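Colleague: Pasting the sequence and the predicted coordinates here, then a few questions.
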Amino acid sequence: MAGRMKELLKKYGKVGLGVHLSLSAASIAGLYVAIKNNVDVESMLQRAGLPSLSKDKESPNPPPIGDLEIDPTTVNSQRNRTAEMAASSGGALALALLINKALLPVRAPITLAVTPQLARFLSRRNLIKNRL
């Protein structure tokens, strides 16, 4: 994946870098807002099949989102590990940056797919030089 990203940056230059940085900024902003609003990001990452942020593995196979049953009496008793980590590790921004780093395998293919299309679009509009 790293080799393809280097080729992309070599071929498309500023457009590739701009797409990658824009996706990263949007990801960090979205994660920061989610963490500040006490969304349990860790359980969402586990359901998506991404690695957990905590060292202890409480439930290795979380239930799928459709099969999730919420019991109103136990909602308050369950811990929101994301909120605990944000409070104990230096804030929501630091946690958003860490999660963003873990999401690189998701962002890289998006960058690889969007960059050529955006470069063609900008080239047709004469916003960039036609080097393609």
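Modeller: Yes, it's here.
Colleague: rest of the way, CA atoms for contacts and neighbours
Modeller: Will do.
Colleague: So, low pLDDT: which residues of the chain?
Modeller: Low-confidence segments of the chain (pLDDT under 70): 50-90, 130-132.
Colleague: max-length helix in it?
Modeller: Of all the segments of type helix in the chain, defined by DSSP state H, the longest one is helix 14-36.
Colleague: That one: what's the following helix or strand?
Modeller: Tracing the chain C-terminally past helix 14-36 and defining elements by DSSP states H and E, one meets helix 41-47 next.
Colleague: Can you name every helix or strand that that next one contacts?
Modeller: Using 3 or more CA pairs under 8 Å, 6 or more residues apart in numbering; DSSP states H and E as the contact definition, the elements that helix 41-47 packs against are helix 81-88.
Colleague: go with 10 Å
Modeller: helix 14-36, helix 81-88, helix 92-102 (3 or more CA pairs under 10 Å, 6 or more residues apart in numbering; DSSP states H and E).
Colleague: Serialize these to TSV and add fields for distance to Arg124 and mean neighbour count.
Modeller: Rendered in TSV, the data for the helices and strands packed on helix 41-47 read as follows (distance: least, CA to CA, whole Å; neighbours: other CA atoms under 10 Å):
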stretch	distance to Arg124	mean neighbour count
helix 14-36	14	17
helix 81-88	45	16
helix 92-102	33	19
